[in-house]
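Student: my questions are about this predicted structure, shown below with the sequence.
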Amino acid sequence: QKEVEQDPGPLSVPEGAIVSLNCTYSNSAFQYFMWYRQYSRKGPELLMYTYSSGNKEDGRFTAQVDKSSKYISLFIRDSQPSDSATYLCAMSPNFGNEKLTFGTGTRLTIIP
Amino acid sequence: GAGVSQSPRYKVAKRGQDVALRCDPISGHVSLFWYQQALGQGPEFLTYFQNEAQLDKSGLPSDRFFAERPEGSVSTLKIQRTQQEDSAVYLCASSTDPKAFLAGANVLTFGAGSRLTVL
């Protein structure tokens, strides 16, 4: 079993819809949680990061962490075709440690 | 430069050949990471440098993989006697001093990767 599980999709939704992306994990040592967006043939780019449990909002994006359930989510409101990409969750146990454990990524397509 | 630069972007090798992949991190970035991303998978950690010191190489899959960063800037990932299972995208990432994370600085900036295909 992988330390981080993520539904690979693909996920297709109409423009303007709310998108929910999720990951579960098994290592209770993970403290820092990140979401990366990866366009085709590009490197991942950081969207959001959170520490421990709670919510964090940045524009149309909201990240949620529930450490008791070992479950993290990324919500995208008012989805746009430009949001079409692969979304990767990532996490690490130590403060400032960028040795990340990634999920497999969810491929998202926003249909105009 | 403005971002992390990797070369070559695409490399085709015959099984058994040696390959070298280069990474130019963002100027001044102390930390440098190599990740391997197989098709349809997330990146997996290979190795980590802080300046010229290789602090963690626990992710290197075999002794055929070797990485160096002799002057604390450019890094090279070398794969000897390539095998088909080495086919993947090799991603390089850099970041500022880890303490910068305290100030909410960006964690890792990735390059576009080097796509290796072993025939």
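Tutor: Cool, got the structure.

Student: write out the residues of chain A neighbouring chain B.
Tutor: A:4, A:6, A:8, A:34, A:41-46, A:49, A:88, A:90, A:95-105 (Cβ under 8 Å from any Cβ of the partner chain). Just so you know, the C-beta spots here come from the backbone N, C-alpha and C atoms, and that holds for glycine as well.

Student: repeat that with 10 Å
Tutor: Counting by Cβ under 10 Å from any Cβ of the partner chain, the residues of chain A close to chain B are A:2, A:4, A:6, A:8, A:32, A:34, A:36, A:38-39, A:41-46, A:49, A:51, A:86, A:88-90, A:92, A:94-105, A:107.

Student: so which of those residues are in strands?
Tutor: Using DSSP state E to define strands, the subset of those located there is A:4, A:6, A:32, A:34, A:36, A:38, A:45-46, A:49, A:51, A:86, A:88-90, A:92, A:101-102, A:107.

Student: just the buried residues from those residues, in PyMOL please.
Tutor: Command for PyMOL that selects the buried part of those, burial taken from 16 or more other Cβ atoms under 10 Å in any protein chain shown:
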select buried, chain A and resi 4+6+32+34+36+38+49+86+88+89+90+92+101+102+107
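
Student: confidence-wise, which helix or strand of chain B is lowest on average?
Tutor: Here the helix or strand of chain B ranked lowest by mean pLDDT, DSSP states H and E is strand B:109-110, holding a mean of 92.

Student: parallel or antiparallel, which strands does that one pair with?
Tutor: strand B:88-95 (antiparallel) (DSSP bridges).

Student: quick one, what contacts the most centrally placed residue in chain B?
Tutor: What sits nearest the mean C-alpha location of chain B, by Cα atoms, centre = their mean, is B:Trp34, with 2.7 Å. Taking Cβ atoms under 10 Å, 6 or more residues apart in numbering or on different chains as the contact definition, B:Trp34 lies against B:21, B:23, B:43, B:45-49, B:57, B:59-60, B:65, B:67, B:69, B:75-77, B:90-93.

Student: of the residues you listed, buried ones?
Tutor: B:21, B:23, B:43, B:45-49, B:59-60, B:65, B:67, B:69, B:75, B:77, B:90-93.

Student: in stretch A:3-20, what's buried?
Tutor: By neighbour count, and taking 16+ other Cβ under 10 Å as the criterion, the buried residues in stretch A:3-20 are A:Val4, A:Glu5, A:Gln6, A:Val13, A:Val19.

Student: beta partners for the third one?
Tutor: For A:Gln6, the residues forming beta bridges with it (DSSP bridges) are A:Cys23.

Student: isn't it right up against B:Gly42?
Tutor: Yes - taking Cβ atoms under 10 Å as the contact criterion, A:Gln6 and B:Gly42 are neighbours in contact, 7.4 Å apart.

Student: hmm, back to that, ok, now how distant is the residue nearest to the centre of chain B from B:Ala20?
Tutor: In this structure, B:Trp34 and B:Ala20 are separated by 13 Å, where distance is defined by Cβ to Cβ, to the nearest Å.

Student: where do the contact lists of these two overlap?
Tutor: B:Thr76, B:Leu77.
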